[in-house]
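Q: The amino acid sequence is not available; the structure is as follows:
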């Protein structure tokens with residue numbers, strides 16, 4: 001996000017940032033070709049030592065639900 005801020009301020013001509021960070025920031029987004037792009041993956045799990053394992057499991061279920069997927073998609077995340 002700091003690199004994106006440099007572009008927004010005109011202190012850098014271009015930068016490689018997460019699409020989700022650049023969305024709605026008023027900068028031109030140019031997609032990296034699929035064959036050379038790297039996809040960030042964010043695994044989710046409930047820790048054995050979680051203080052609130054039931055709540056954590058409910059959160060994971062929400063993320064994996066159609067409603068959770070729709071919300072994540074709206075912000076540029078994919079499965």
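A: Thanks, I have it. Every value quoted in this text rests on a predicted model; they were computed, and no experiment measured them.
Q: OK, contacts around residue 16?
A: 3, 32 (C-beta atoms under 8 Å, 6 or more residues apart in numbering). In this view, the C-beta of every residue, glycine as well, is placed from N, C-alpha and C.
Q: Likewise for the one 10 residues further on?
A: By C-beta under 8 Å, 6+ apart, residue 26 lies in contact with residue 8.
Q: just residue 13 next, same as before
A: Residue 13 touches residue 7, counting by C-beta under 8 Å, 6+ apart.
Q: What is the end-to-end distance of stretch 20-35?
A: For stretch 20-35, the first-to-last residue distance is 20 Å (C-alpha to C-alpha, to the nearest Å).
Q: who's in contact with the helix ranked longest in the chain?
A: Looking across the chain with DSSP state H, the single longest helix is helix 53-64. If you take C-beta under 8 Å, 6+ apart as the criterion, helix 53-64 is touched by 44-47, 50, 68-69, 72.
Q: go with 6 Å
A: Residues from elsewhere that reach helix 53-64, judged by C-beta atoms under 6 Å, 6 or more residues apart in numbering: 44, 46, 50, 68.
Q: mind listing what's buried in that helix?
A: Within helix 53-64, no residue qualifies as buried by neighbour count (16 or more other C-beta atoms under 10 Å).
Q: and if you look at stretch 25-37?
A: Applying 16+ other C-beta under 10 Å to stretch 25-37 flags no residue as buried.
Q: on that earlier part again, which ones among the contacts of helix 53-64 map onto helices?
A: Reading helices off those with DSSP H, I get residue 68.
Q: CSV for the contacts of helix 53-64, including pLDDT?
A: Below are the contacts of helix 53-64 laid out as CSV (pLDDT from 0 to 100):
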residue, pLDDT
44, 94
46, 97
50, 97
68, 95
